[in-house]
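1. Take this sequence and fold it.
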Amino acid sequence: MIKKGDKGSNVIHLQQQLVKAGYPVMVDGWFGSETEQALLDFQRDYMITATGKVGARTLTALTGKILGNQLTVHDMQYGAELLAVPLATMATVAHVESVGEGFTESMHPVVLFERHIFYKQLITYIDKNEVDRLTNHFPDLINPKRGGYAGGEKEWDRLSRAMAIHQSAAIESASWGMFQIMGFHWPALGYTSSHDWFDAMCHNEVKHLTALCRFIKQDPVMHGALQQQRWEEFAKRYNGPAYKDNNYDVKLAQAYAKFVNEYPDRQF
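-> This is a model prediction of the structure:
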């Protein structure tokens, strides 16, 4: 994923592709505000959800192709209507609270496998003594302490290994897709099983957006805060008590100020 603040050859390639597509920008290898705006313009014009971040979907679109599983602005409008918020609000959440794109270059859903959650989830399915025995054999996958992250595509490999130990517990122990919602939320979000959740997350980014909308709506306080653009309260409910550490409330407010001009649609 390429984003604002990055620099180097990947940014140069992005800038060259933007220029070639008709979005003039200085090719200097620095992803600053000028590059971000050109990227937002391209994403909006080509019906890609304008997040200002670059992954497989945007890079493919810059060559004139599509992947077929990506969110479009029309999908985002549908999500906005589900939540009864302006499109600018929906775009704000996608910009700040997503990883930019929901699938890797290998077309696996983006996941982050949490070994400490796997330890807890396994205990709900099998005897704790057996879980502790497995922990001794697979400490990188099962562990009371968080950590062991491999990053990127390798997180899918970790998840696959964990699923070989116990499928449901492993699915519940990863955050999934564009909005990185934890798998253990599947019952509260209306999925029939962990495998139903797995199938949805592997399908397309529209399913990721559906999960996001369900996640927000199941918490009336969070939903109300989003509708009223009370960013601090929304960030607290969505990101947890450490939201201040990453300035999520500030980032949400800043993103909304930008997107309310990008998407000046009706207000609910």
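2. And the strands in the chain, which stretches?
-> Assigned by DSSP state E, the chain shows strands spanning 111-113, 174-176, 181-182.
3. Now do the shortest one, average pLDDT.
-> Strand 181-182 carries an average pLDDT of 97.
4. just stretch 117-136 next, same as before
-> Taken as a whole, stretch 117-136 has a mean pLDDT of 97.
5. Same check on stretch 195-208?
-> Stretch 195-208 shows a mean pLDDT of 96.
6. Enumerate the positions of that stretch that are buried.
-> For stretch 195-208, the neighbour count (16 or more other Cβ atoms under 10 Å) marks 197-198, 200-201, 204-208 as buried. No exception for glycine: its C-beta is placed from N, CA and C like everyone else's.
7. and if you look at stretch 126-144?
-> 131, 134-135, 138, 141-143.
8. And those, which is closest to residue 170?
-> The shortest gap between residue 170 and any of those belongs to residue 141, at 8.4 Å (Cβ to Cβ).
9. That closest one contacts residue 118, doesn't it?
-> Yes. Counting by Cβ atoms under 8 Å, residue 141 touches residue 118, with 6.3 Å between them.
10. Mind giving me the packing neighbours of the helix or strand bottoming out on mean pLDDT in the chain?
-> Every helix and strand of the chain was ranked by mean pLDDT, DSSP states H and E. The lowest is helix 56-61, at a mean of 82. Contact here means 3 or more Cβ pairs under 8 Å, 6 or more residues apart in numbering; DSSP states H and E; on that basis helix 56-61 packs against helix 33-45.
11. returning to that earlier point: among the strands of the chain, which comes closest to residue 19?
-> That would be strand 111-113 among the strands of the chain, by Cβ to Cβ, at 33.9 Å.
12. which ones are touching the closest residue to residue 153 other than its chain neighbours?
-> Distances taken as Cβ to Cβ, 6 or more residues apart in numbering place residue 104 nearest to residue 153, at 5.2 Å, with adjacent residues excluded. For residue 104, the contacting residues are 56, 110, 152-153, 156, by Cβ atoms under 8 Å, 6 or more residues apart in numbering.
13. now swap in residue 165 and tell me
-> 122, 134, 138, 141-142.
14. Dump the residues you listed to a markdown table, plus distance to residue 34.
-> Formatted as a markdown table, these follow (distance: Cβ to Cβ, whole Å):
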| residue | distance to residue 34 |
| --- | --- |
| 122 | 49 |
| 134 | 52 |
| 138 | 47 |
| 141 | 43 |
| 142 | 47 |
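15. Could you list which of those residues belong to helices?
-> Here DSSP state H is the test, and those give 122, 134 as lying in helices.
16. Just give me the closest of the contacts of residue 165 to residue 216.
-> Nearest to residue 216 among those is residue 122, at 28.9 Å by Cβ to Cβ.
17. can you tell me how far that closest one sits from residue 260?
-> Taking Cβ to Cβ, to the nearest Å as the measure, residue 122 and residue 260 are separated by 45 Å.
18. Need the buried residues of stretch 126-144 in CSV (columns: distance to residue 15).
-> CSV is the format used below for those (distance: Cβ to Cβ, whole Å):
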residue, distance to residue 15
131, 50
134, 48
135, 47
138, 43
141, 40
142, 44
143, 42
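19. out of those, which one sits closest to residue 212?
-> residue 141 (27.1 Å).
20. Just list the residues touching the closest residue to that closest one other than its chain neighbours, thanks.
-> Nearest non-adjacent residue to residue 141, counting by Cβ to Cβ, 6+ apart: residue 162, 5.0 Å away. Residues in contact with residue 162, defined by Cβ under 8 Å, 6+ apart, are 113, 118, 141-142, 169-170, 173.
21. before we move on, what about residue 259?
-> Neighbour list for residue 259: 50, 87-89, 91-92, 95 [criterion: Cβ under 8 Å, 6+ apart].
22. Determine which two of those residues are furthest apart.
-> Longest span within these, Cβ to Cβ: 50 and 89, 13.5 Å.
23. For these two, work out which one has more neighbours and name it.
-> Set side by side, residue 50 and residue 89 show more neighbours around residue 89, with 27 against 24, by other Cβ atoms under 10 Å.
24. The more buried one against residue 229, yeah?
-> Yes. Residue 89 lies in contact with residue 229 (Cβ under 8 Å); the separation is 6.8 Å.
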